[in-house]
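J.: fold the following.
(one chain, ligands or ions: 2)
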Amino acid sequence: MGGCCSKRINPANLDDKIKDAKIIFVVGGPGSGKGTQCEKVVAKYGYTHLSSGDLLRAEVASGSARGKELQATMQRGELVPLDTVLDMIKDAMIAKADVSKGYLIDGYPREVKQGEEFEKKIGAPALLLYVDAKSETMVKRLLKRGETSGRTDDNEETIKKRLDLYYKATEPVIAFYESRGIVRKIDSELQVDEVFKQVCQAIDNLK
Ligand code: ADP
Ligand code: MG
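T.: Ligands and ions are numbered 1, 2, ... in the order given. So this is what the prediction gives:
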């Protein structure tokens, strides 16, 4: 995650810096197209993309003891402990605080509680992009992705559990933020570029 610990910024200053950057939550089922769209947002808007799943997988790849525990949890299609994910996201945000125009927080919050904790420790989102696709579409895309992704959770059994958990735990997140008027629903059944047009509209309206 770049940078040396000796360069660690004083958390008080950091909070100021992050406060000025726009925070966008990107929420949607597994395989809905969050990562695909975030990549395009990074290219066009220079936002920092932080995928909670990618951060966790990097920890697994490091071979640490914590990584081994995380790997087992993810392989079961379950959620890893809240504090672990939040600390990782916060550290990654700190690392980019000087250069970031905004943050795409991809795959987080997975449950309402995660959103509440994020706001307590970091800040409030300006926008929630709700990347919506049918469950059949998500399954199809994930199985295809699984052919090359090397992701141990892109298999039929784990996909089913991830989808169940998504509907149960994550959809309430959308309702939670809807009451604040910051949710923009994106139809992710369309072609990537058509989906991206909707994403751009939502982001452009932020300014
Ligand atoms: P997520 O990050 O939400 O799990 P990804 O962005 O990794 O989803 O997308 C899952 C798979 O679906 C990828 O293989 C990606 O190439 C494909 N995909 C994403 N968006 C679309 C789309 N709009 N149309 C067709 N395939 C897509
Ligand atoms: Mg992803």
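
J.: with adjacent residues omitted, what lies nearest to G29?
T.: Y166 (4.5 Å; CB to CB, 6 or more residues apart in numbering). Placement of C-beta: from N, CA and C, glycine included.

J.: and that neighbour, what's its pLDDT?
T.: With respect to pLDDT, Y166 has a value of 96.

J.: that one: how many residues sit nearby?
T.: Number of residues near Y166 (other CB atoms under 10 Å) recorded here: 21.

J.: secondary structure class for it?
T.: What DSSP: H, G, I helix; E, B strand; the rest coil gives for Y166 is helix.

J.: residues from this structure in reach of ligand 1?
T.: Proximity of the chain to ligand 1, by CB under 6 Å from any ligand atom, involves residues 28, 30-36, 141, 144-145, 188, 191-192, 195.

J.: which of those sit farthest apart?
T.: Pairwise distances across the residues of the chain next to ligand 1 peak at 19.8 Å for P30 and Q191 (criterion: CB to CB).

J.: give the contact list for the residue nearest the centre of the chain.
T.: Centroid check for the chain by CA atoms, centre = their mean gives D106 as the closest residue, at 1.5 Å. Listed by CB atoms under 8 Å, 6 or more residues apart in numbering, the contact partners of D106 are 26, 34-35, 38, 49-54.

J.: quick one: low-confidence parts of the protein?
T.: Counting by pLDDT under 70, the ranges of the chain that qualify are 1-17, 19.

J.: please enumerate the strands of it.
T.: Assigned by DSSP state E, the strands in the chain fall at 22-28, 48-51, 102-106, 127-132, 183-187.

J.: which one of the ones you listed lies nearest to D154?
T.: strand 48-51 (14.6 Å).

J.: paired strands for that closest one, with orientation please.
T.: strand 102-106 (parallel) (DSSP bridges).

J.: who wins for proximity to M88 among the strands of the chain?
T.: It's strand 48-51; of those, that one is closest to M88 (CB to CB) at 8.6 Å.

J.: run through who's touching the closest one.
T.: Counting by CB under 8 Å, 6+ apart, 34-35, 38-39, 41-42, 89, 92-93, 96, 99-107 sit against strand 48-51.

J.: for the buried ones among those, write the corresponding ChimeraX selection.
T.: This is how ChimeraX selects the buried members of those, with burial counted by 16 or more other CB atoms under 10 Å:
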select :34,35,38,39,41,89,92,93,96,100,102,103,104,105,106,107
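
J.: helices - which of the contacts of strand 48-51 land there?
T.: Among the contacts of strand 48-51, the ones falling in helices (DSSP state H) are 34-35, 38-39, 41-42, 89, 92-93.

J.: wait, which of those is closest to V131?
T.: Nearest member of these to V131, counting by CB to CB, is K34, at 5.2 Å.
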